[in-house]
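J.: model this:
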Amino acid sequence: MFRRGRRLFSIASILMILTSIAHTLGHFQPDPQTAEFANLKSTMQAYQVDMMGMKPSAYGMLESLSLTLTIMLLMLGLQNLLVATVDESGKMIRRFALVNIVCVGALVALYWYYQIPPPLISFALVEIVFLLAVLIPDRKQA
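T.: I've put the predicted structure just below:
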C-alpha cells in the first residue's frame, strides 16, 4: 500500500477517509440555537415530498444525503486502499487515480460554486494529492 509508486495515491485515499470522518463529526454537531434555524428546521421537517408512496420530509432528505456522502467517501477511500494493496503492476492505481481526479475535481467545483468552505478545502487537498500521484513518476519506471 505504501510502496514506491503508490504512496501518494494511498495518502490521498486516507485523506478521503479522514474527510469522511470530519464530515460525520460536522453532521452530528449540535444545531445552532437561533430562532431562524429552529424555524427553518421545523419548516423542513413539516414539508413532505410524495415519492412513490413514501413521504419523506425535506429535512429527512437533507440528513440522508449528508450521511450518504459520509458512507460514499469511506467506501471510495477503502476501495482505493484495496486497489493499492493488490495491484502489483500499478496500472489500476493510475486508472483509479484518474477517476478520482475527475470525480473529486467535480466536488471541488460543486463546493466552489455553492461557496461551502469546509468540503471545498478538504476536497481541494485530496485533489492535489491525487494529481501529484499521477504527475510524479515512479523512479523505477522513469
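J.: for the residue nearest to Leu76 when sequence neighbours are not counted, give me its contacts.
T.: Spatially, and ignoring its direct neighbours in sequence, Leu76 is nearest to Met16 (6.0 Å; Cβ to Cβ, 6 or more residues apart in numbering). All C-beta atoms are positioned from the backbone trio N, CA, C, and that covers glycine. Met16 makes contacts with 73, 76-77, 80, 100, 104, 126, as judged by Cβ atoms under 8 Å, 6 or more residues apart in numbering.
J.: per-residue confidence for Met16?
T.: pLDDT for Met16: 96.
J.: that one and Asp31: what is the separation?
T.: For Met16, the distance to Asp31 (Cβ to Cβ, to the nearest Å) stands at 27 Å.
J.: do a quick rundown of the helices in the chain.
T.: With DSSP state H, the ranges of helices along the chain come out as 7-27, 35-46, 58-86, 91-113, 117-135.
J.: and those: which comes nearest Met52?
T.: helix 58-86 (13.6 Å; Cβ to Cβ).
J.: could you figure out how far that closest one is turned away from helix 7-27?
T.: Angle, helix 58-86 to helix 7-27, by axes from the mean of the first three to the mean of the last three Cα atoms, to 10 degrees: 160 degrees.
J.: what about Leu125, how many neighbours?
T.: 17 (other Cβ atoms under 10 Å).
J.: stretch 97-116: which residues count as buried?
T.: 97, 100-101, 104-105, 107-108, 111 (16 or more other Cβ atoms under 10 Å).
J.: which residues sit against it?
T.: Residues from elsewhere that reach stretch 97-116 (Cβ under 8 Å, 6+ apart): 9, 12, 16, 76, 80, 117, 119-120, 123-124, 126-127, 130-131, 133-134.
J.: can you give me the offset of that stretch from its chain's centre?
T.: With Cα atoms, centre = their mean, to the nearest Å as the basis, stretch 97-116 stands 9 Å off its chain's centre.
J.: what of stretch 28-37?
T.: That offset, for stretch 28-37, works out to 24 Å (Cα atoms, centre = their mean).
J.: what comes into contact with it?
T.: 38, 41.
J.: what do you get if the cut-off is 10 Å, keeping everything else the same?
T.: Here stretch 28-37 makes contact (Cβ atoms under 10 Å, 6 or more residues apart in numbering) with 38, 40-41, 66-67, 70.
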